[in-house]
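[1] Following is a predicted model, sequence given first.
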Amino acid sequence: MSDNGLVSVQSRVSARETLDRLLAALAERKLAVFSRVDHAAGAASVGLSLRPTEVVIFGNPKGGTALMQDRQSSGIDLPLKALVWEDADGKAWLTYNDPTWVAKRHGLGAVSESAVKAMAGLLGTIAQEATK
């Protein structure tokens, strides 16, 4: 993780395949996909080009609510998000916010510790599945 709280995992497959694997991993865990934002399609709609860049917004209200009950400001970083993108060399990446960093950012207390650890573990596992 870098100082900005982002975790980036290089994928061994294309951005499209990484996205498909991400969606499958979320479905397998019955995590709700609340929204998808295809930035490349948005760019194309106004005549601009952008390499594959898509955000998936997902989660489980049970997990996120615990954090917001601790500090409502954490809602700005929830639901969870993953960015699948392709760099200038054609390599695909999956990037997400480290829940531990989010907890520190919002000053979450001990009451949120188990939920934050669970989210961090879950995101790490999902990222590995999507990028292998």
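    Yep, it's here.
[2] Give me the neighbour count for Lys30.
    By the criterion of other CB atoms under 10 Å, Lys30 has 7 neighbours. (C-beta placed from N, C-alpha, C; glycine too.)
[3] and if you look at Asp70?
    Applying other CB under 10 Å, we find 20 residues neighbouring Asp70.
[4] Please apply the same query to Arg105.
    As a measure of burial, Arg105 has 16 neighbours, counting by other CB under 10 Å.
[5] what do you get for Val111?
    Quick note: Val111 (other CB under 10 Å) scores 12 neighbours.
[6] which one is it nearest to, not counting chain neighbours?
    Asp70 (5.4 Å; CB to CB, 6 or more residues apart in numbering).
[7] That neighbour and Ser114 touch, don't they?
    No. Between Asp70 and Ser114 there is no contact, the gap being 11.5 Å when judged by CB atoms under 8 Å.
[8] circling back to that earlier point, how near is the residue nearest to Val111 to Ala103?
    Asp70 sits 9 Å away from Ala103, going by CB to CB, to the nearest Å.
[9] Overlap in contacts, these two.
    The contact sets of Asp70 and Ala103 overlap at Ser112 (CB atoms under 8 Å, 6 or more residues apart in numbering).
[10] So for this structure, the centremost residue is which one?
    In the chain, the residue lying closest to the centroid (CA atoms, centre = their mean) is Ala82, at 2.2 Å.
[11] which SS class is that residue?
    For Ala82, the assignment made with DSSP: H, G, I helix; E, B strand; the rest coil gives strand.
[12] Could you export the top helix by length along the chain as PDB, CA atoms only?
    Longest helix of the chain, by residue count under DSSP state H: helix 113-131. Coordinates of each C-alpha in helix 113-131 appear next as PDB, following Å, rounded to 0.1, in the frame of the first residue of the first chain:
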ATOM      1  CA  GLU A 113     -11.700  -3.200  14.100                       C
ATOM      2  CA  SER A 114     -13.100  -6.600  13.200                       C
ATOM      3  CA  ALA A 115     -15.200  -5.200  10.300                       C
ATOM      4  CA  VAL A 116     -12.200  -3.400   8.900                       C
ATOM      5  CA  LYS A 117     -10.000  -6.500   9.200                       C
ATOM      6  CA  ALA A 118     -12.700  -8.600   7.500                       C
ATOM      7  CA  MET A 119     -13.000  -6.100   4.700                       C
ATOM      8  CA  ALA A 120      -9.300  -5.900   4.100                       C
ATOM      9  CA  GLY A 121      -9.000  -9.700   4.000                       C
ATOM     10  CA  LEU A 122     -12.000 -10.000   1.700                       C
ATOM     11  CA  LEU A 123     -10.700  -7.300  -0.700                       C
ATOM     12  CA  GLY A 124      -7.200  -8.900  -0.800                       C
ATOM     13  CA  THR A 125      -8.700 -12.300  -1.600                       C
ATOM     14  CA  ILE A 126     -11.000 -10.900  -4.300                       C
ATOM     15  CA  ALA A 127      -8.200  -8.900  -5.900                       C
ATOM     16  CA  GLN A 128      -6.000 -12.100  -6.100                       C
ATOM     17  CA  GLU A 129      -8.800 -14.100  -7.600                       C
ATOM     18  CA  ALA A 130      -9.600 -11.400 -10.200                       C
ATOM     19  CA  THR A 131      -6.000 -10.900 -11.200                       C
END
